[in-house]
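A.B. asks: Take this sequence and fold it.
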Amino acid sequence: MYSFDDEESQLSLPVHSLQGINLSSPSDGASVEELSSSVDERSIGPSPPPQVINVQHYLDNAMRVHSQPTTVTTHFLTSTAPADILFSGLLYAGFEPEVQQRNNVGRNVDRFKSFYGVEPTTISPILQDLKDEYPDVSFKDSLMTMNWLYLYDTYPVLSGRWKYCEETIGSRVIDYGMKFATIGRNKIVFYLKDDLELGRTVDCTTFMVYEMRQDPSHIWFDYKTHSCGLKYEIALAIHEPRIVWINGPFAPSVHDINVFRGGDAGDKDNWDENALYSKLGKNEKCIADSGYNGQPDKCVVVNDGHSSEFKEFAARAKNRQETVNWCLKRFSILRQRFRHGVGTQDRMRLHKMVVEATAGIVQYDFKHGHPPFEV
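C.D. replies: Numbers count the residues shown, from 1 in each chain. So this is what the prediction gives:
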């Protein structure tokens, strides 16, 4: 595990506030029930089931906190262990050590997810990769950015929780959002493990944003949400729990098939070579909905001529694609109307950052215990 060292201030807590917490590492074979029983008799609720945290070997440290019981770091953890992330993440959110101690692991994890969107076992590898890419990364600022992405609170609300002024929060969440977007892009790999003709599904989804006041136009209108929006094309591997492609943003008025092609049907010579159509191999196709009619050499759209077995397979594949769209919109910054950005281009740039950062988090979550259903 990596260390996060810093000379910033620490929050001193009375010794009695940590009494009763098991500060030693449990043995390597500890079960969830054994971990829960390490909490004193004041713990309430039944022992959590094994699936509360999905990676069993991380559970071995689920109630371990810092080795010095008189001091809890407030800006940097001593490691990226999920147990340390759980403890300090809840501390930042306002749950004091004695409050965490009185509740079982399952409830603490649920509280953690309500602030950060995913479990500590998902955040642990994210922080490790951030540390690899940016050695001076701040644990506190990383969690604050995840809190911002998931709840999309205003800066005054975040200021009360994270004890920074609004100006500091504004600059840091954008800076760390860019860092999250970088590692998110690194995790989105187009190529598949197996050479398959039908290996991907593709669909476009639109996210709400505030009006482009410096560029007012009907092209920004999204008929699904009846508001201004930005469109993205997302492809998912059918037989792997992975997002393999994100392209955007586009104005909602751009048709899905034109996003796929990289241009209009009658102007093939000028199609964008970075569009999905050009990325697919000679014999590769995607399963898509009716918005992709018109390109049968690359998109399979269900019709009456298909067998009932294929129709059922394609329906499940497209439902799985919609599940991924829902996973992205679990994060309030993509579910609510996006308000950041000065001018059209700046808003599109920041929104692209948010989509890539959120997709990266979802990708990590797929890999670490919460994949989409199998087709």
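A.B. asks: Show me which residues of the strand or helix carrying Asp132 are buried.
C.D. replies: Taking DSSP states H and E as the definition, one finds Asp132 inside helix 120-133. By neighbour count with 16 or more other Cβ atoms under 10 Å, helix 120-133 contains the buried residues 120-127, 129-131. Quick note: C-beta positions are derived from backbone N, CA and C, even for glycine.
A.B. asks: got it, and stretch 136-147?
C.D. replies: 137-147.
A.B. asks: of all those, which comes closest to Val375?
C.D. replies: Met146 (29.8 Å; Cβ to Cβ).
A.B. asks: Could you give the backbone dihedrals for the closest one?
C.D. replies: Note on Met146: its backbone torsions stand at phi -60, psi -40 [degrees, to the nearest 10].
A.B. asks: Same question for Ala275.
C.D. replies: Taking degrees, to the nearest 10 as the convention, Ala275 sits at phi -80, psi 160.
A.B. asks: wait, it sits on Phe260?
C.D. replies: Yes: contact status for Ala275 versus Phe260: in contact at 6.5 Å, counting by Cβ atoms under 8 Å.
A.B. asks: Comparing those two, which residue is more hemmed in?
C.D. replies: Ranked by neighbour count (other Cβ atoms under 10 Å), Ala275 and Phe260 place Phe260 first, with 27 against 17.
A.B. asks: how about the helices in the protein?
C.D. replies: Secondary structure of the chain (DSSP state H): helices at 32-37, 56-59, 82-93, 97-101, 105-116, 120-133, 139-151, 155-162, 166-187, 256-261, 276-279, 308-329, 332-335, 344-367.
A.B. asks: Could you dump those helices into CSV with mean pLDDT and distance to Leu196 added?
C.D. replies: CSV is the format used below for the helices of the chain (pLDDT from 0 to 100; distance: least, Cβ to Cβ, whole Å):
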stretch, mean pLDDT, distance to Leu196
helix 32-37, 40, 38
helix 56-59, 39, 32
helix 82-93, 93, 34
helix 97-101, 93, 46
helix 105-116, 96, 34
helix 120-133, 94, 27
helix 139-151, 96, 33
helix 155-162, 96, 44
helix 166-187, 96, 21
helix 256-261, 96, 19
helix 276-279, 95, 15
helix 308-329, 95, 12
helix 332-335, 97, 30
helix 344-367, 97, 19
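A.B. asks: any idea of the pLDDT on Asn54?
C.D. replies: Model confidence at Asn54, given as pLDDT, is 41.
A.B. asks: cool, and Ser79?
C.D. replies: Confidence for Ser79, expressed as pLDDT, is 72.
A.B. asks: ditto for Lys268
C.D. replies: According to the per-residue confidence, Lys268 scores 89 in pLDDT.
A.B. asks: what's the spatially closest residue to it that is not a sequence neighbour in contact with, if anything?
C.D. replies: Residue nearest to Lys268 in three dimensions, not counting chain neighbours: Arg261, with 7.8 Å by Cβ to Cβ, 6 or more residues apart in numbering. Listed by Cβ atoms under 8 Å, 6 or more residues apart in numbering, the contact partners of Arg261 are 268, 271, 275, 277, 295.
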